[in-house]
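Enquirer: all I have is the shape, not the residue letters:
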């Protein structure tokens, strides 16, 4: 019976462009991604090369690359290193406090009632406005730059960590309770491992925010760093250098982001296991 | 197994006397359970069935200690129930497995809790690993021991949840619509599996379901509950041999009791008004169509 079944000529998979949540072929997706990156670059080159726009307003890609080359000779790596250390320092310090605090707020309603409204209030305060205060409180050395990044990321991070913990399904907690788990065991062996993937995502997202506070942090009496270089270039109207600095920060952020995504895939194989 | 002579032979495993459960305060207080009296014998298989809102899940969760009773007396083996405890394991409808642990580690989860590691001997550790293996085989999970829950079908996931609950040999197994999300064929397989487990493990099982046929096929006793306020309506012993087979679902005794229970659920569920409404609507509809 089965052997007599003729294989029909299969219809091609439909490839609609605008199906809601529809899938598209990987080749088409790659092509669109390349276009999305290349078109703005070409547009930028065309606009800068046309002569319609003053290079002071919009330096071309060539000028920016040339600036990067001279910057390389002028200690670019040192600027990158200094800035990366500041961002990582402020972010890591924020994570060091926000992870346990968010875990406790997300686990215990008592602490949530006590601490969350205050945190919610502070996170709306502009981190930029804290700069003069930080200078008074901490001074103008490295600590002050790290502190600005800490202020910019910490309060958001606490709330996000607490929310990650609260998203752990109630049934996971109750199953542990009916197996005789203590309060501490529930926190350590259910809440933390269950929320880990969400927590790593929270760290990745807040890392992006930490980089956006870099320029603000380097307002404080800095003498090196990418943010400081951008600020100095601003003073001398070196727009090509401003462009170079902004693009560099974007690239570093992208590399770190992809690194953390890769770590996510490695650390949580059960999320990516094939069915 | 030798009978335990130190305790009275007829003492119930679980006992509820005048148990109430309310939610909210003052005028917003709603009664989820009203004056529940229930005795569940050792090694019994009792099913709780009723219309939605009848408090069957609330009663189960109160027995588990996950909800605190608002009034009355609730005991397990004569000890008051004041919170969850390892002697009363629970199986949930879903989302209770630990997705970061493979099947074997999910089943062994309770072994690393202090309640089990306290005063543990080498022989205990060996017995436990033997028990985990035995449960894997009993539940037909040996070939997926290293798989993650997300890689399993819904039926397989519930097998893991049952094995995990059984791991520490609980006195009582509380099951909250554990097969509610499974397809009909898988449910039948799971029914025979849980009956087998009950015979083998000799645990007391309290099983909540909204499906009358499921309640009858599994239970020695069916506790019928009624809503608004949630209460026990009636208790029905099931007139079938303890060793159930699928063809018993067609036995006259089975179908007769099924009809009785369904009628009683309809009578107590407050759905009469809905029936009237439906009748009125269909009359109105026929007039419209006639025009």
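Expert: Nice, I can see it. Keep in mind it's a predicted model, so treat the numbers as computed, not measured.
Enquirer: burial of residue A:107, as a residue count?
Expert: 20 (other C-beta atoms under 10 Å in any protein chain shown). Any C-beta I mention is one placed from the backbone N, CA and C, and that applies to glycine too.
Enquirer: got phi/psi on it?
Expert: phi -90, psi -40 (degrees, to the nearest 10).
Enquirer: confidence score at it?
Expert: On pLDDT, residue A:107 comes in at 96.
Enquirer: same question for the one 5 residues further on.
Expert: Predicted confidence (pLDDT) at residue A:112: the value is 95.
Enquirer: excluding covalently adjacent residues, which one is nearest to it?
Expert: residue A:105 (5.0 Å; C-beta to C-beta, 6 or more residues apart in numbering or on different chains).
Enquirer: list the contacts for the one you found?
Expert: A:111, A:112, A:115, A:116, A:119, A:158, A:161, A:162, A:165 (C-beta atoms under 8 Å, 6 or more residues apart in numbering or on different chains).
Enquirer: so which helix or strand takes in the last one?
Expert: The reference is to residue A:165. Taking DSSP states H and E as the criterion, residue A:165 maps to helix A:142-166.
Enquirer: residue B:234 belongs to a strand, doesn't it?
Expert: Yes: per DSSP: H, G, I helix; E, B strand; the rest coil, residue B:234 lies within a strand segment.
Enquirer: my read: it touches residue B:265, true?
Expert: No: counting by C-beta atoms under 8 Å, residue B:234 stays clear of residue B:265, with 10.6 Å between them.
Enquirer: out of those two, which sits in the busier spot?
Expert: When residue B:234 and residue B:265 are compared for neighbours, residue B:265 comes out ahead with 21 against 13, by other C-beta under 10 Å.
Enquirer: ok, that one to residue B:226 distance?
Expert: Look at residue B:265 and residue B:226: by C-beta to C-beta, to the nearest Å, they are 8 Å apart.
Enquirer: again, but for residue A:110
Expert: For residue A:110, the distance to residue B:226 equals 38 Å [C-beta to C-beta].
Enquirer: kindly report the same for residue A:18.
Expert: Counting by C-beta to C-beta - residue A:18 and residue B:226 are separated by 53 Å.
Enquirer: ok, now residue B:170?
Expert: 29 Å.
Enquirer: kindly report the same for residue A:111.
Expert: Counting by C-beta to C-beta - residue A:111 and residue B:226 are separated by 41 Å.
Enquirer: spell out which parts of the stretch 151-275 of chain A neighbour chain B.
Expert: A:169, A:171-172, A:174-182, A:185, A:189-190, A:193-194, A:196, A:268-271, A:273-275 (C-beta under 8 Å from any C-beta of the partner chain).
Enquirer: any of those residues buried? List them.
Expert: Buried residues within these, defined by neighbour count using 16 or more other C-beta atoms under 10 Å in any protein chain shown: A:169, A:171-172, A:174-181, A:185, A:189-190, A:193-194, A:268, A:270.
Enquirer: filter the residues you listed down to the ones in helices?
Expert: Members of those lying in helices (criterion: DSSP state H): A:171, A:172, A:174, A:175, A:176, A:177, A:178, A:185, A:193, A:194, A:270.
Enquirer: I'd like to know which elements the helix or strand where residue B:261 lies is packed against.
Expert: Here residue B:261, judged by DSSP H and E, is contained in helix B:252-268. In this structure, helix B:252-268 packs against strand B:45-50, helix B:212-218, strand B:221-226, strand B:231-237, with contacts taken as 3 or more C-beta pairs under 8 Å, 6 or more residues apart in numbering or on different chains; DSSP states H and E.
Enquirer: OK, contacts around the one residue in the stretch 51-200 of chain A that gets nearest to chain B?
Expert: Chain B sits closest to residue A:180 of the stretch 51-200 of chain A, with a gap of 3.1 Å, by C-beta to the nearest C-beta. By C-beta under 8 Å, 6+ apart, residue A:180 lies in contact with B:84, B:85, B:86, B:110, B:113, B:115, B:116, B:168.
Enquirer: neighbour-wise, give me the winner out of the residues you listed.
Expert: Most crowded among the contacts of residue A:180, counting by other C-beta under 10 Å, is residue B:110 at 24 neighbours.
Enquirer: so that residue: helix, strand or coil?
Expert: helix.
Enquirer: wait, what's in contact with the nearest residue in space to it that is not next to it in sequence?
Expert: Residue nearest to residue B:110 in three dimensions, not counting chain neighbours: residue A:179, with 4.1 Å by C-beta to C-beta, 6+ apart. By C-beta under 8 Å, 6+ apart, the contact set of residue A:179 is B:86, B:89, B:109, B:110, B:113, B:164, B:165, B:168.
Enquirer: that concludes my questions; thank you for your assistance.
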